[in-house]
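Enquirer: Provide a 3D model corresponding to the input given below.
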Amino acid sequence: DGLLVCAFVADLAAISSLVSAAGTLVLAGATFAAVRSANTAARTAERSLMAGLRPLLIPSRTTDPPMKVLWSDGHFIRLEGGHAYAAVDNDVAYLAMAVRNAGTGLALLHAWSPRELTFDRRPSRPDLEEFRRLNIDLYIPAGEPGYWESAVRSLDDPAWRWLDAAIGERRPFMIDVLYGDQEGGQRAITRFTVVPAGDENWYAQSARTWNVDRPDPR
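Expert: Predicted structure coming up:
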């Protein structure tokens, strides 16, 4: 009888250990599922937040109001909606474009890069080292029109010769604009083609947009 009692007690201990182990396993599984669900929810919330701060530059509409554009040397123009500006005065090439922020977040413009017009069916993303930092902060609210402006001021600038010729001969050229959200993240590059219209006017057409800090959708 004593042996039977000892065996019974041992069985109970073994069963108790198995039940405890099973309970621990179930608890661990539940904890893992809860953590995974929480992480998924956090990533989803983060993506939603970032999407709400994401800018996207496109050309402005011709019905958008004109913008007053002023350069640091006092050069001043009235830039009509949907238009661009390109002119050479006193060996300075002045450039501007009326743009619109089609995104849901404030656009902070960082830098730009002028390019001769090329026809590449699969253009690669421009090298960030090629960009020129803007000398002023330009902000464009979400869903609102704004402008980009800069200038080439040195005859020794690598872009001066072809840019001066393109403006004088009224030939199309390209401008890449680097921008991001109000925190400086979610950077993107939009390529605009500046084309002559009539005897004096210029227009800007967006050609391609690349993501810098996020994967490209294409």
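Enquirer: how much space between the most centrally placed residue in the chain and Leu178?
Expert: By Cα atoms, centre = their mean, the chain has its centre lying nearest to Ala188, at 2.6 Å. Going from Ala188 to Leu178 by Cβ to Cβ, to the nearest Å gives 8 Å. In short, each C-beta sits where N, CA and C put it, glycine included.
Enquirer: Give me the common contacts of the two.
Expert: Counting by Cβ atoms under 8 Å, 6 or more residues apart in numbering, the shared contacts of Ala188 and Leu178 are Val212.
Enquirer: circling back to that earlier point, show me what contacts the residue nearest to the centre of the chain?
Expert: Counted by Cβ under 8 Å, 6+ apart, Ala188 has contacts 55-57, 178-180, 209-212.
Enquirer: for it, which residues make a bridge with it?
Expert: Tyr179, Asn211 (DSSP bridges).
Enquirer: now do Ala204
Expert: The partner residues for Ala204, given DSSP bridges, come to Val194.
Enquirer: isn't Gly185 right up against Arg214?
Expert: No. Here Gly185 lies out of contact with Arg214, judged by Cβ atoms under 8 Å, at a distance of 9.2 Å.
Enquirer: pLDDT score assigned to Ile136?
Expert: As predicted, Ile136 sits at a pLDDT of 90.
Enquirer: Show the backbone phi and psi for it.
Expert: Per-residue torsions, Ile136: phi -130, psi 160 (degrees, to the nearest 10).
Enquirer: and the gap between it and Asn201?
Expert: For Ile136, the distance to Asn201 (Cβ to Cβ) stands at 25 Å.
Enquirer: same thing with Gly105?
Expert: Using Cβ to Cβ, which is the criterion applied here, Gly105 is 31 Å from Asn201.
Enquirer: between the two, which one's more packed in?
Expert: Taking other Cβ atoms under 10 Å, Gly105 and Asn201 do not tie; Gly105 has more neighbours (21 against 13).
Enquirer: The closest residue to Pro65 other than its chain neighbours and Glu144: what is the separation?
Expert: Distance criterion Cβ to Cβ, 6 or more residues apart in numbering; nearest residue to Pro65, sequence neighbours excluded, is Gly81 at 6.3 Å. Applying Cβ to Cβ, the value for Gly81 to Glu144 is 12 Å.
Enquirer: same thing with Tyr85?
Expert: On the measure of Cβ to Cβ, Tyr85 and Glu144 end up 19 Å apart.
Enquirer: so where do the helices sit in the chain?
Expert: 2-52, 160-168 (DSSP state H).
Enquirer: Can you verify my assumption that Ala207 contacts Met174?
Expert: Yes. Shown here, Ala207 and Met174 form a contact pair, counting by Cβ under 8 Å, at 7.1 Å.
Enquirer: Between the two, which contacts overlap?
Expert: 191-193.
Enquirer: circling back: give me the more crowded residue out of Gly81 and Glu144.
Expert: For Gly81 versus Glu144, neighbours defined as other Cβ under 10 Å are more numerous around Gly81 (17 against 14).
Enquirer: Pretty sure the more buried one sits against Thr62.
Expert: Yes. In this structure, Gly81 is within contact of Thr62 by Cβ under 8 Å, at 5.3 Å.
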